[in-house]
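# coordinates only, sequence not included:
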């Protein structure tokens, strides 16, 4: 169950990271409220996952999911560059996430 908590915590991290863009510096009410709610829910789920998973593994995977998802959505939603080098680096993060899951 801890891995499921961690997975959803990572998805919520993507949500709040992307949400920050839409808050326009927390000047827009609804995006700000949704972003804050996603932050809180992500932290709660991460905390639940940490009851059984090692802190280093869980935190690295949580931030990795967030980084990969946010980078890919930045490309898709905001026109961030999708260079070969950038995509290769994202692939390395994915490899690290998989590697940590396999060895834990």
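Received it, and whenever you're ready, just let me know what you need. Values in this document were obtained by computation on a predicted structure and should not be read as measured data. Numbers count the residues shown, from 1 in each chain.
# roughly how far apart are the residue positioned nearest the centre of the chain and residue 95?
By Cα atoms, centre = their mean, the mean C-alpha position of the chain lies nearest to residue 66, the distance being 1.6 Å. According to Cβ to Cβ, to the nearest Å, residue 66 stands 16 Å off from residue 95. Glycine gets a C-beta too; all of them are placed from N, C-alpha and C.
# list the buried ones in the helix or strand where the residue nearest to the centre of the chain lies?
Assigned by DSSP states H and E, residue 66 falls within helix 55-78. Neighbour-count burial for helix 55-78 flags 57-58, 60-62, 64-71, 73-75 (criterion: 16 or more other Cβ atoms under 10 Å).
# SS state for the residue sitting furthest away from the middle of the chain?
Relative to the centre of the chain, the most outlying C-alpha is that of residue 27, 23.0 Å out, by Cα atoms, centre = their mean. Under the three-state scheme (DSSP: H, G, I helix; E, B strand; the rest coil), residue 27 adopts coil.
# alright, that wraps it up for me.
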